[in-house]
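*Asks:* structure of the sequence below:
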Amino acid sequence: MMRRRELNHRHRDQQSRVFYELSALVLNLLRSPPAPMHFADQSPEPAIVHHPPPASTTTTISPAGFAWLMLGISVSLMLCGSVTFFIGFMLMPWVIGLIMVFYVAGIVSTVSMLGRSILCYAMAPPSPRKDIPAWKLL
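*Replies:* Below you'll find the predicted structure:
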């Protein structure tokens, strides 16, 4: 039992670490400035040369690489979603069965309370009937 908890805890830690690293990667890519793109029909201008600042060592990603990254993120999220759906789909009969057990327990409890009240009323000793004066009936 303890080993199962430890494995479950490690799995959650690993899963949260993966999501943390993925979100950090995406945010880092979104924060970095886009790379200047030169098209084939444009002539490169040798007079204007952009040098990145030497203090920061940021790596840039190509637009195709960014598209592949977004595709990978979306596919991984779809797979996680489908796994979650499958787990929920497999657990749904257990949830419905538990609800039915609670309904049956409620019906049994209600029937037993009704039976107890009927039996207690039938088994009770007859109480002496008091005569009610006529003036109280009006």
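*Asks:* how about low-confidence regions in this protein?
*Replies:* By pLDDT under 70, the weakly predicted segments of the chain are 1-2, 7, 11, 32-59, 128-129, 138.
*Asks:* can we see that at 90?
*Replies:* Filtered on pLDDT under 90, the chain yields the residue ranges 1-89, 116-138.
*Asks:* give me the number of residues near V101?
*Replies:* The tally of other residues near V101 (other Cβ atoms under 10 Å) stands at 10. For every residue, glycine as well, the C-beta is placed using N, CA and C.
*Asks:* distance from the helix or strand harbouring it to the middle of the chain?
*Replies:* Element membership for V101 (DSSP states H and E) is helix 63-123. Helix 63-123 sits 13 Å away from the centroid of its parent chain (Cα atoms, centre = their mean, to the nearest Å).
*Asks:* what's the following helix or strand after it?
*Replies:* As assigned by DSSP H and E, the chain's next helix or strand after helix 63-123 is helix 134-137.
*Asks:* and that next one, what other elements does it pack with?
*Replies:* Packed against helix 134-137, as judged by 3 or more Cβ pairs under 8 Å, 6 or more residues apart in numbering; DSSP states H and E, are no other helices or strands.
*Asks:* for that helix, give me every contacting residue.
*Replies:* Outside helix 134-137, not one residue touches it by Cβ atoms under 8 Å, 6 or more residues apart in numbering.
*Asks:* centre-most residue in the chain?
*Replies:* Among the residues of the chain, T84 comes closest to the average C-alpha position under Cα atoms, centre = their mean, at 8.5 Å.
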